[in-house]
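In: Sequence plus predicted model, see below.
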Amino acid sequence: MNETVSCEEVSDFSHRFVPHGVAHPRFAFLGVSGVNVDFADEIDVVECFQKFIDADIWQLFAEQTNIFANQFFGSKF
């Protein structure tokens, strides 16, 4: 049986992301566009990567991967 997950079941951190099958709410972008990160004159690749992909993003990747896996494998059995 294919079940969908309600938005409430998604963690607080990933409130902007919704499970497959749930309508995504529309909102207006109110932020400042462009790159808004201060870099030193000389930075290495790892430092640049870590400015954009931090621990919160890794946590979000894991949560969303688990949601997808539950939906995918849940529909197979």
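Out: Structure received. Numbers count the residues shown, from 1 in each chain.
In: Go ahead and report the secondary structure state at the residue sitting furthest away from the middle of the chain.
Out: Using C-alpha atoms, centre = their mean, the residue of the chain lying farthest from its centre is residue 41. It sits 30.0 Å away. Counting by DSSP: H, G, I helix; E, B strand; the rest coil, the backbone at residue 41 sits in coil.
In: cool, residue 28 as well?
Out: Residue 28 ends up coil, using three-state DSSP.
In: Ok, residue 32 next?
Out: Three-state call for residue 32 (three-state DSSP): coil.
In: just to revisit the earlier point, would you check how far apart the residue farthest from the centre of the chain and residue 35 are?
Out: 16 Å (C-beta to C-beta, to the nearest Å). For every residue, glycine as well, the C-beta is placed using N, CA and C.
In: what does the model give the most centrally placed residue in the chain for pLDDT?
Out: Central residue of the chain (C-alpha atoms, centre = their mean): residue 60, 4.5 Å from the mean position. pLDDT, residue 60: 95.
In: Check the offset of the helix or strand hosting it from the chain's centre.
Out: When elements are assigned from DSSP states H and E, residue 60 belongs to helix 55-76. In terms of C-alpha atoms, centre = their mean, to the nearest Å, the centre of helix 55-76 is found 10 Å from the chain centre.
In: same question, stretch 28-37
Out: Using C-alpha atoms, centre = their mean, the offset of stretch 28-37 from its chain centre is 17 Å.
In: Which residues does that stretch contact?
Out: 51-52 (C-beta atoms under 8 Å, 6 or more residues apart in numbering).
In: averaged over its residues, what pLDDT does it have?
Out: Across stretch 28-37, the per-residue pLDDT values average to 79.
In: got the end-to-end distance for it?
Out: End-to-end distance of stretch 28-37: 22 Å, with C-alpha to C-alpha, to the nearest Å as the criterion.
In: Give me the below-cutoff pLDDT ranges for the protein.
Out: Scanning the chain for pLDDT under 70 picks out 1-18, 24-25, 76-77.
In: rerun that using 90 as the cut-off
Out: Low-confidence segments of the chain (pLDDT under 90): 1-54, 73-77.
In: Could you say which helix or strand holds the residue nearest to residue 51 when sequence neighbours are not counted?
Out: Leaving aside its sequence neighbours, residue 51 sits nearest to residue 37 (C-beta to C-beta, 6 or more residues apart in numbering; 5.0 Å). Assigned by DSSP H and E, residue 37 belongs to neither a helix nor a strand.
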